[in-house]
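structural data only, the sequence is not supplied:
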């Protein structure tokens, strides 16, 4: 089996981890790591705390502490949060190790010698009151691309554009916001990305066919605009020193240094194993597939900058007769998990801390909700009402219910796992086929890092198992036909064992408990994926089973007593008009997925609207005449619609991940014609296209037969 390397984006050691970090870049790689090992791949997963970013300096200065003390405190906090969440790394380290420093300096010197780094004089922000040059993140202003206030000197979170401080409008120092910033000359080292663009274009053309749309769009936008050479040093006293004389007041900047941590952490891991060369098994084997898990705001650093560093460093290695290092194979970048429609942000105080949520709820419950609500292709919202509903209705009501009922019936009435029924037993044949189908489907989703689809397929399988139990009614058979009852319970226990295997990547505690209650040897986390179909340990004496999950009391809901809709996420203007709970079509034998409960609507909270309320919404058919990319947002289209007698309308829609422009042009769609116009990233949207939303799939609503543009929808 080919080696699998997993690099995970490094969280800044300036605050505790929150659920945005977990949904974006920490839980997905853990799920993928567990699954990859179960399918026989050698796996190495590394990351650590990013200790040299300017957020650490800002935190230290605000608290009057040494940066090293801030780093150590939050690194330990990160490590404990990951342990509590059952997110496991082969190594979770720091960027302050001697090993990291030595390798980063070697990469710097190699690229300098090859001519990929050179010194230049540039204008840098200077705070006259503080008497010092300012790092990028010490500068805030208005983004020149989208007009958002509070953009940082290195990047705008709103539109994702990377920036230089001098590009900001009305830049201000975070040290002294009332002091006008000056820009003065200073010498810095620049990484010549422009020289590497042809090689990067060949790399992207080769690998990006299996990347997500957001990674492709971000990367292609950078390449189309032409790569700009970027300074990789800053006027700082905290960070990796420049290994040359005369630069004591400068450091290698974090965006160049931190990505090198993927390599340096691997070397450190090998040393800790007592096998110093073991890192090469994952870095120099051409069969290795290297995956990098991150949030969408980090895409260019992993599809442009890190590959560029590796390409250049490989030239130096070739000159020394050393084998090349593998480039990223896939970059599964998630969108954002929001809280009440706002992006999680430590710096802005919008977050739910990992420790806070785990102090109240089981880790598997948190992992489950984040997995079924994972922002793989679009932003999603954490809402407490939905968390409670999904845990109680799906995790407890479907998965936990099936496991507990089956084991309880078998233990109470038989005391042991009964013998397998004859080979022609109809139920057993159906169960074995359903297990194989689920195993194949989930493996396909997980191989493609479609983690949300994977857990939805698991839930569908558990729902099918509950239906099979209801149809079989073993509690009746125990009285009427004990032989058939034993056969039925054996088949249902097959489902429970398979569930233990299928749950293992997502719900490690529940999977382990189920495996143990079934009397299986060792740990489920040492089992193989194919063991879902393996025979049961017949004759094993069963103990009274324990509940896998705790049902949540509505009184525990943090929003209990709040005004209706207080935590509802903001609806997107291209948003769906309907939702479904399943991520894809069910298998032929599967029951319908659990229905999602409607959120309360209306001021009286009764969940209904009146016919008069509905009549106020003017719904029309519209024909899409043109589709163009939004000039300032990678996930949006700007569409021109023909709405018949209402004329032409312009709409901004988040359909880029689901449709190519040619698929939309000429299509007749359902359209809200009297929606208040809104400015979306500098472009006016004059209505809303309706679409159905099934998690990872979105389809615009169209009429069954041709009707003219402008036709009313009633």
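Cool, got the structure. Computed from a prediction, not measured in an experiment: that's the story for all the values here. Numbers count the residues shown, from 1 in each chain.

centroid-wise, who is the farthest residue in this structure?
Going by Cα atoms, centre = their mean, the residue of the chain most distant from its centre is residue 480, 50.7 Å out.

which residue ranges of the stretch 1-150 of the chain form helices?
Taking DSSP state H, counting those that start in this stretch as the criterion, the stretch 1-150 of the chain carries its helices at 19-21, 27-38, 54-63, 67-84, 98-113.

kindly reformat those as CSV containing distance to residue 9.
All C-beta atoms are positioned from the backbone trio N, CA, C, and that covers glycine. Compiled in CSV, the helices of the stretch 1-150 of the chain are given as follows (distance: least, Cβ to Cβ, whole Å):
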stretch, distance to residue 9
helix 19-21, 9
helix 27-38, 9
helix 54-63, 14
helix 67-84, 12
helix 98-113, 16
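
where among those is average confidence lowest?
Lowest mean pLDDT of those: helix 54-63, a mean of 84.

residue contacts, residue 247?
Going by Cβ atoms under 8 Å, 6 or more residues apart in numbering, residue 247 touches 233, 241.

contacting residues around the nearest residue to residue 137 once chain neighbours are set aside?
Counting by Cβ to Cβ, 6 or more residues apart in numbering, residue 137 lies nearest to residue 54, which is 3.8 Å off, once chain neighbours are set aside. Residue 54 makes contact with 135, 136, 137, 138, 236, 254, according to Cβ under 8 Å, 6+ apart.

just residue 686 next, same as before
649, 650, 651, 675, 677.

kindly check the end-to-end length of stretch 244-254 for me.
End-to-end distance for stretch 244-254: 18 Å, by Cα to Cα, to the nearest Å.

mind listing what's buried in that stretch?
With burial defined by 16 or more other Cβ atoms under 10 Å, the residues of stretch 244-254 counted as buried are 247, 250, 251, 252, 253, 254.

wait, which of these is closest to residue 83?
Residue 83 has its nearest neighbour among the buried residues of stretch 244-254 in residue 254, at 25.8 Å by Cβ to Cβ.

next up, the contacts around the closest residue to the closest one other than its chain neighbours.
In space, and not counting its chain neighbours, residue 254 is closest to residue 53: 4.5 Å by Cβ to Cβ, 6+ apart. By Cβ under 8 Å, 6+ apart, the contact list for residue 53 reads 12, 14, 137, 254, 258.

and if we set it to 10 Å?
10-14, 59, 95, 135, 137, 154, 238-239, 253-255, 257-258 (Cβ atoms under 10 Å, 6 or more residues apart in numbering).

for it, give its distance to residue 611.
56 Å (Cβ to Cβ, to the nearest Å).

now swap in residue 161 and tell me
For residue 161, the distance to residue 611 - Cβ to Cβ - is 46 Å.

who has more neighbours out of those two?
Counting neighbours by other Cβ atoms under 10 Å for residue 161 and for residue 611 shows that residue 161 has the greater number, 21 against 6.

pLDDT value on that one, please?
80.

can you tell me the closest non-neighbouring residue to it?
Using Cβ to Cβ, 6+ apart, the nearest residue to residue 161 is residue 145, at 4.8 Å.

repeat for residue 534
residue 497 (7.7 Å).

packing partners for the helix or strand hosting the one you found?
According to DSSP states H and E, residue 497 maps onto helix 482-503. Counting contacts by 3 or more Cβ pairs under 10 Å, 6 or more residues apart in numbering; DSSP states H and E, helix 482-503 packs against helix 27-38, helix 401-413, helix 426-447, helix 451-472, helix 474-480, helix 508-517.

now it: how far from the chain's centre is it?
Centroid separation for helix 482-503 versus its chain: 34 Å, with Cα atoms, centre = their mean, to the nearest Å.

tell me the angle it makes with helix 508-517.
For helix 482-503 against helix 508-517, the angle by axes from the mean of the first three to the mean of the last three Cα atoms, to 10 degrees is 150 degrees.

may I see the buried residues of helix 482-503?
Neighbour-count burial for helix 482-503 [16+ other Cβ under 10 Å]: 484-503.

also stretch 432-442?
432, 434, 435, 437, 438, 439, 441, 442.

contacting residues around that stretch?
Contacts of stretch 432-442 (Cβ under 10 Å, 6+ apart): 35, 425, 450, 453-458, 460-462, 464-465, 468, 491, 494-495, 497-499, 501-502, 505-506, 529-533, 584, 587-590.

on that earlier part again, JSON lines for the buried residues of stretch 244-254, including secondary structure?
Output for the buried residues of stretch 244-254, formatted as JSON lines (DSSP: H, G, I helix; E, B strand; the rest coil):
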{"residue": "247", "secondary structure": "coil"}
{"residue": "250", "secondary structure": "coil"}
{"residue": "251", "secondary structure": "strand"}
{"residue": "252", "secondary structure": "strand"}
{"residue": "253", "secondary structure": "coil"}
{"residue": "254", "secondary structure": "helix"}
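
between the residues you listed, which sits nearest residue 113?
For the buried residues of stretch 244-254, the nearest to residue 113 is residue 252 (15.6 Å; Cβ to Cβ).

and the gap between the spatially closest residue to that closest one that is not a sequence neighbour and residue 234?
The shortest distance from residue 252 to any non-neighbouring residue, by Cβ to Cβ, 6+ apart, is to residue 240 (4.4 Å). Using Cβ to Cβ, residue 240 is found at 11 Å from residue 234.

shared neighbours of the two, anything?
52, 251, 252, 253, 254.

quick one, what contacts the third one?
What it means is residue 252. So residue 252 contacts 52, 101, 104-105, 107-108, 189, 232-234, 236, 239-243, 258, 260 (Cβ under 10 Å, 6+ apart).
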